[in-house]
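Visitor: Okay, here's the prediction I keep looking at, along with the sequence it came from:
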Amino acid sequence: MTWYDDFDAAVRERFPDMEVLSGEPMARHTTFRIGGPARRLARPRSPEELAALLTAAEERGWPALVVGNGSNLLAPDDGLDRLVVHTGRLEDIAPDGPLGLHAQAGASLARLASFAQRRSLTGLEFAHGIPGSLGGGVRMNAGAYGGELCQVVAAVQAWLPGQGVRRLEAGELDFRYRHSVFMDNGGVVLSAWLALAPGDGAAIRERMEELGRRRREKQPLELPSGGSTFKRPAEGYAAALIEQCGLKGLSVGGAQVSAKHAGFVVNTGGATCADVRELVGLVQRRVLEETGVRLETEIEIV
């Protein structure tokens, strides 16, 4: 029996109300708009159902991949023979005391920032323009304009392999630049508690609007991409190094080093995973040859 036949049988018995799609194109679930069909894509309705599904996958050997908004994910052209677990239905946000929030993994960072602003809570303004979800954001310690999620995450409810559901305090999360413990231990964020500070709602909204204007002016938001393609190197900035090497606007197939911001690889139309991977590799080689700096990808290539 194939893993997906076993999965289908188990879903009928254990998760009869969970939405499951067969052959669902990953291009519909990544901001790159790239990726072939997933063998199965499941959409749990609660953190509890997500945890139960992950436990079943661990016990029965289903090859699971958890995704949120797919905002830094590059999926293969020929698809995934895997169980893709999509957190998009886990989007509840609630107050947690006068200065805190508790949100599920699928809540968008933009919506979370707006929720905080309406409660006159400051600390999430930087996140308003980040196109990802809270779960993925915590996993990679997402940040922008001097802010990072590690500055506001107080604790996380997570599913951990071999352990099940646990609450992890901030000090256990090994937050570093674009890194958390979940990138090492295979854990999955179910929800998180955020600790914010009192602020002025109008001033918070003005700051969010200012950062939005800066993004629109400088970033190629009009084209599909995975956000910043490369991590910030220890020496300088990725975009400046790429432009210095004359690579701004360089294309491979439908993938292009953005002519607006060289730190982004964009899909100009019909780009494939192979196009993006070839272009990323070319940029890395040229920058290393000409500057001695080794660029690491921020996008995750499945």
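Guide: Received it, and whenever you're ready, just let me know what you need.

Visitor: C-alpha from now on. contacts and neighbour counts both.
Guide: Fine.

Visitor: Mind listing residues that contact the lowest-mean-pLDDT helix or strand in the chain?
Guide: Least confident helix or strand, the chain: strand 143-144 with a mean of 91, by mean pLDDT, DSSP states H and E. By C-alpha atoms under 8 Å, 6 or more residues apart in numbering, the list of residues contacting strand 143-144 from outside reads 126-127, 130, 149, 178.

Visitor: List the neighbouring strands of that strand plus their orientation.
Guide: Using DSSP bridges, strand 143-144 pairs in its sheet with strand 147-148 (antiparallel).

Visitor: Provide the contact partners of the strand it pairs with at residue level.
Guide: Counting by C-alpha under 8 Å, 6+ apart, strand 147-148 makes contact with 124, 126-127, 141-142, all of which sit outside it.

Visitor: Which one of the residues you listed is nearest to L168?
Guide: L168 lies nearest to N141 out of these, by C-alpha to C-alpha, at 15.0 Å.

Visitor: how close does the closest residue in space to the closest one that isn't next to it in sequence get to G143?
Guide: In space, not counting the residues next to it along the chain, N141 is nearest to R178; the distance is 4.9 Å by C-alpha to C-alpha, 6 or more residues apart in numbering. According to C-alpha to C-alpha, to the nearest Å, R178 and G143 sit 8 Å apart.

Visitor: Likewise for G201?
Guide: Remark: distance between G201 and G143 (C-alpha to C-alpha) = 21 Å.

Visitor: ditto for A259
Guide: Remark: distance between A259 and G143 (C-alpha to C-alpha) = 23 Å.

Visitor: Kindly report the same for G88.
Guide: 21 Å.

Visitor: Same question for A192.
Guide: Applying C-alpha to C-alpha to A192 and G143 gives a distance of 16 Å.

Visitor: Off-centre distance for the helix or strand containing Q117?
Guide: Per DSSP states H and E: Q117 is located in helix 109-118. Here helix 109-118 is found 17 Å from its chain centre; the criterion is C-alpha atoms, centre = their mean, to the nearest Å.

Visitor: Does anything pack onto the helix or strand just after that helix? Which helices or strands?
Guide: Beyond helix 109-118 on the C-terminal side, the first helix or strand identified by DSSP H and E is strand 121-122. Secondary structure elements in contact with strand 121-122, counted by 3 or more C-alpha pairs under 8 Å, 6 or more residues apart in numbering; DSSP states H and E, are strand 197-198, helix 201-218.

Visitor: out of these, nearest to A238?
Guide: The closest approach between A238 and any of the helices and strands packed on strand 121-122, judged by C-alpha to C-alpha, belongs to helix 201-218 at 14.6 Å.

Visitor: just to revisit the earlier point, so G201 and G143 - more neighbours on which side?
Guide: Regarding G201 and G143, a neighbour count based on other C-alpha atoms under 10 Å identifies G143 as having more, with 19 against 16.

Visitor: what residues are up against A42?
Guide: With C-alpha under 8 Å, 6+ apart as the criterion, the residues that contact A42 are 18-21, 83-86.

Visitor: now do G23
Guide: By C-alpha under 8 Å, 6+ apart, G23 lies in contact with 37-41.

Visitor: CSV please, covering the helices and strands packed on strand 121-122 and showing mean pLDDT.
Guide: What follows is those, written out as CSV (pLDDT from 0 to 100):
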stretch, mean pLDDT
strand 197-198, 97
helix 201-218, 94
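
Visitor: So which of the ones you listed is nearest A113?
Guide: Counting by C-alpha to C-alpha, A113 lies closest to helix 201-218 out of the helices and strands packed on strand 121-122; the figure is 8.6 Å.

Visitor: For that closest one, name the packing helices and strands.
Guide: helix 109-118, strand 121-122.

Visitor: Tell me which of these is the most buried.
Guide: Each of these was given a mean neighbour count from mean count of other C-alpha atoms under 10 Å, and the largest, a mean of 23, is that of strand 121-122.

Visitor: average pLDDT for that strand?
Guide: For strand 121-122, mean pLDDT is 98.
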